[in-house]
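# Predicted model and sequence below, questions to follow.
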Number of protein chains: 2
Amino acid sequence: MKLLEERILKDGTVLGKDVLKVDNFLNHQIDPVLMQELGNAFADYFADRNITKILTVETSGIAPAVFAGLALGVPVVFARKHKSLTLTDNLYCASVYSFTKNTTNEIAISKNFLSSEDHVLLIDDFLANGQAATGLIDICQQAEASIAGIGIVIEKSFQRGRQELEAQGFDILSLARIRAFENGIVQFVEEEGSR
Amino acid sequence: MKLLEERILKDGTVLGKDVLKVDNFLNHQIDPVLMQELGNAFADYFADRNITKILTVETSGIAPAVFAGLALGVPVVFARKHKSLTLTDNLYCASVYSFTKNTTNEIAISKNFLSSEDHVLLIDDFLANGQAATGLIDICQQAEASIAGIGIVIEKSFQRGRQELEAQGFDILSLARIRAFENGIVQFVEEEGSR
């Protein structure tokens, strides 16, 4: 997605070898106009998949997910992050390891909001090693919900997340795919369209 | 706001004496259509105030805030919650006590995203004792940003938040105002309009 790539080049900051900071428009300050464009792009791509619900993780997945939900006419459920969970009654839970922070969080969704009747679109802000997506997939499997596909705002294509998720048969739309950081400059995967 | 009051009566659950659970459409599962209506209501009311930025707190304020931001044409910044903060470089911080959970969280906003040139609309999901709003006001004062007003989705009018904020001169728009919970049934403040 050209608009998003341009915004990353303009406002993103590369930190160290593999961290991209996009606090300016996605992870801390949010640009609502851009979020609507991202949500519409997800909705266009997955329009004919009979999606019943969008699943994301707090916090930064919420803004693009609600615009996709508005366009697709379906509710959005966000998994909550917890350091640890003592009460897991009525919750679907999964562990998500963060390579960036070297921490493990539990993510959880109430059993009230996901069922075997759901056909789910997963949306998240970043795809790197695929830990968050794998946690959401785990939760869908516990609920016996089927998965229509995965929508990602920014993919680090040099990490293994996409490869592992594709090997499991998932259809992934990433709106920006980063091939590498070269001397602090973001290089995108060159392709027609943004898949 | 009639639409929101009806939704609270239909899908909200009263727990104990003073807790309203709205996990069905706001705090865990999100109804994007309703969120757009809420955002537009905030934008309509504060349209002529020359707002430059919307400030909210993660997580549940984000969805109504991004729709208000879209309608007003301004960015949204969400304060992050932390159990404690050791590194406070380049952050505006405030402490927020939660009466419901009996815990204190630090909330923080990067100094990059708030300045003395900003005229801010604060948005949050609930107003009860006014702790979160007071934390956001504290942060605006540190940044020397001015405050245009406060937009609240659900106000518990039987708690002291509104009274204390009005005493400080703030203009508050609450889209639903709860007078009391009577035998587990939500009773709204009766008034013309929703102020």
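Ah, there it is.

# From A:Phe113, how far out is A:Thr56?
12 Å (Cβ to Cβ, to the nearest Å). Bear in mind the C-beta positions are built from the backbone N, C-alpha and C, glycine included.

# which residues do those two both contact?
Common contacts of A:Thr56 and A:Phe113 (Cβ atoms under 8 Å, 6 or more residues apart in numbering or on different chains): A:Val77.

# Give me the more crowded residue out of these two.
A:Thr56 (27 against 19; other Cβ atoms under 10 Å in any protein chain shown).

# what sits against the more buried one?
Contacts of A:Thr56 by Cβ under 8 Å, 6+ apart are A:Ile62, A:Ala65, A:Val76, A:Val77, A:Phe78, A:Ala79, A:Leu122, A:Ile123, A:Asp124, A:Leu136.

# how about 7 Å then?
Residues near A:Thr56 by Cβ atoms under 7 Å, 6 or more residues apart in numbering or on different chains: A:Ile62, A:Ala65, A:Val76, A:Phe78, A:Ile123, A:Asp124.

# Secondary structure element for the second one, which one?
Counting by DSSP states H and E, the element that carries A:Ala65 is helix A:62-72.

# List the contacts of the next helix or strand after that helix.
Under the assignment DSSP H and E, the closest C-terminal helix or strand after helix A:62-72 is strand A:76-82. Contact with strand A:76-82 is made by A:53-58, A:61-62, A:65-66, A:69, A:105-109, A:113-114, A:136, A:139, B:28-30, B:32, B:59, as judged by Cβ under 7 Å, 6+ apart.

# Using TSV, lay out the contacts of A:Thr56 together with distance to A:Leu3.
Below are these laid out as TSV (distance: Cβ to Cβ, whole Å):
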residue	distance to A:Leu3
A:Ile62	20
A:Ala65	18
A:Val76	22
A:Phe78	24
A:Ile123	17
A:Asp124	19
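
# which one of these is nearest B:Gly149?
A:Ile62 (23.4 Å; Cβ to Cβ).

# gap between that closest one and chain B?
5 Å (Cβ to the nearest Cβ, to the nearest Å).

# What sits closest to that residue if chain neighbours are left out?
Leaving aside its sequence neighbours, A:Ile62 sits nearest to B:Ile62 (Cβ to Cβ, 6 or more residues apart in numbering or on different chains; 5.1 Å).

# these two touch, right, that neighbour and A:Ser60?
No: applying Cβ atoms under 7 Å as the test, B:Ile62 and A:Ser60 come out as separate, 9.1 Å apart.

# So which of those two has more stuff around it?
A side-by-side neighbour count of B:Ile62 and A:Ser60, using other Cβ under 10 Å, places B:Ile62 first with 26 against 22.

# got the residue ranges for the helices in chain A?
A:2-11, A:32-45, A:62-72, A:131-143, A:161-167 (DSSP state H).

# Check A:Phe78 and give its pLDDT.
Confidence at A:Phe78, expressed as pLDDT, is 98.

# If you could redo that for A:Gly149, that was the one I meant.
pLDDT, read off for A:Gly149, is 98.

# Next up, the contacts around it.
By Cβ under 7 Å, 6+ apart, the neighbours of A:Gly149 are A:Phe46, A:Arg49, A:Leu121, A:Phe170, A:Asp171, A:Ile172, A:Leu173.

# Which strand residues bridge A:Val76?
A:Ile54, B:Ile30 (DSSP bridges).

# That one: neighbour count?
29.

# Same check on A:Arg162?
21.

# Against A:Gly12, how distant is it?
From A:Arg162 to A:Gly12 the distance is 19 Å (Cβ to Cβ).

# What does the nearest residue to A:Phe99 once chain neighbours are set aside show for phi and psi?
Among residues not flanking A:Phe99 along the chain, A:Asn129 sits closest, at 5.6 Å (Cβ to Cβ, 6+ apart). When read as degrees, to the nearest 10, the backbone of A:Asn129 gives phi -90, psi 0.

# list the contacts for A:Asn129?
Counting by Cβ under 7 Å, 6+ apart, A:Asn129 has contacts A:Phe99, A:Gln159, A:Arg160, A:Gly161.

# Test my guess that the second one contacts A:Ala128.
Yes: A:Gln159 is within contact range of A:Ala128, at 4.5 Å (criterion: Cβ under 7 Å).

# out of the two, which sits in the more crowded spot?
A:Ala128 (24 against 17).

# Am I right that that one is in contact with A:Gly161?
Yes: counting by Cβ under 7 Å, A:Ala128 touches A:Gly161, with 5.6 Å between them.

# follow-up on the earlier one: deepest of the helices of chain A, which one?
helix A:62-72 (a mean of 27; mean count of other Cβ atoms under 10 Å in any protein chain shown).

# What is it packed up against?
helix A:32-45, strand A:53-57, strand A:76-82, strand A:119-127, helix B:32-45, helix B:62-72 (3 or more Cβ pairs under 7 Å, 6 or more residues apart in numbering or on different chains; DSSP states H and E).

# Report the inter-axis angle for it versus helix B:62-72.
Counting by axes from the mean of the first three to the mean of the last three Cα atoms, to 10 degrees, helix A:62-72 lies at 70 degrees to helix B:62-72.

# which residues are in contact with helix A:62-72?
A:30, A:35-36, A:38-40, A:42-43, A:51, A:54, A:56, A:75-76, A:78, A:123, A:151, A:153, B:30, B:32-33, B:35-36, B:59, B:62-63, B:66.

# now do 6 Å
A:30, A:35-36, A:38-40, A:42-43, A:51, A:54, A:56, A:76, A:78, A:123, A:153, B:30, B:32, B:35, B:62-63, B:66 (Cβ atoms under 6 Å, 6 or more residues apart in numbering or on different chains).

# Tell me the gap between it and the middle of its chain.
In this view, helix A:62-72 has its centroid 12 Å away from the chain centroid, taken as Cα atoms, centre = their mean, to the nearest Å.

# again, but for stretch A:14-28
So, by Cα atoms, centre = their mean, the centroid of stretch A:14-28 is 15 Å from its chain's centroid.
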